[in-house]
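*Asks:* This is a predicted model, with the sequence first.
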Amino acid sequence: MAYIAAKLADMGKTEEAIETIKEAIETAREIHDRYNRARTMAYIAAKLADMGKTEEAIETRKEAIETAREIGHKDFRTEYY
């Protein structure tokens, strides 16, 4: 799903990309895949920022970082911030 979302974003279909990413995040939650949920949330935060949705981007980024910390991914901040 994340790959499809990236392609949609590349095609300028940002809103559709974000909806696809949100589906990927929900799927990751359902299967308890915190690593990919954090990565996907970081990606959507960047897209939200690109769209000028700064507050939503900041909150999403914070949740991504917190999720990454929960699983011990210490380099997450430097990879995505």
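*Replies:* That came through fine.
*Asks:* what ranges of this protein fall below the confidence cut-off?
*Replies:* For the chain, applying pLDDT under 70 flags the ranges 2, 77-81.
*Asks:* Show the residue spans covered by the helices in it.
*Replies:* Along the chain, counting by DSSP state H, helices occupy 2-10, 14-30, 34-50, 54-70, 76-80.
*Asks:* residues touching the residue sitting nearest the centre point of the chain, list them.
*Replies:* Nearest residue to the geometric centre of the chain (C-alpha atoms, centre = their mean): residue 41, 1.9 Å. Counting by C-beta atoms under 8 Å, 6 or more residues apart in numbering, residue 41 touches 25, 60-61, 63-64, 67. No exception for glycine: its C-beta is placed from N, CA and C like everyone else's.
*Asks:* tell me which of these is nearest to residue 32?
*Replies:* residue 67 (11.4 Å; C-beta to C-beta).
*Asks:* residue contacts, that closest one?
*Replies:* Counting by C-beta under 8 Å, 6+ apart, residue 67 touches 34, 37-38, 41.
*Asks:* and the residues you listed as CSV, adding distance to residue 15?
*Replies:* Shown next, in CSV, are the contacts of residue 67 (distance: C-beta to C-beta, whole Å):
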residue, distance to residue 15
34, 26
37, 21
38, 23
41, 17
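*Asks:* what about the closest residue to residue 67 other than its chain neighbours, how many neighbours?
*Replies:* Of all residues not flanking residue 67 in the chain, residue 38 sits nearest, at 4.1 Å (C-beta to C-beta, 6 or more residues apart in numbering). Neighbourhood size, residue 38 [other C-beta atoms under 10 Å]: 24.
*Asks:* From residue 10, how far off is residue 38?
*Replies:* In this view, residue 38 and residue 10 are 22 Å apart by C-beta to C-beta, to the nearest Å.
*Asks:* Then residue 41?
*Replies:* Note on residue 41: its distance to residue 10, by C-beta to C-beta, is 19 Å.
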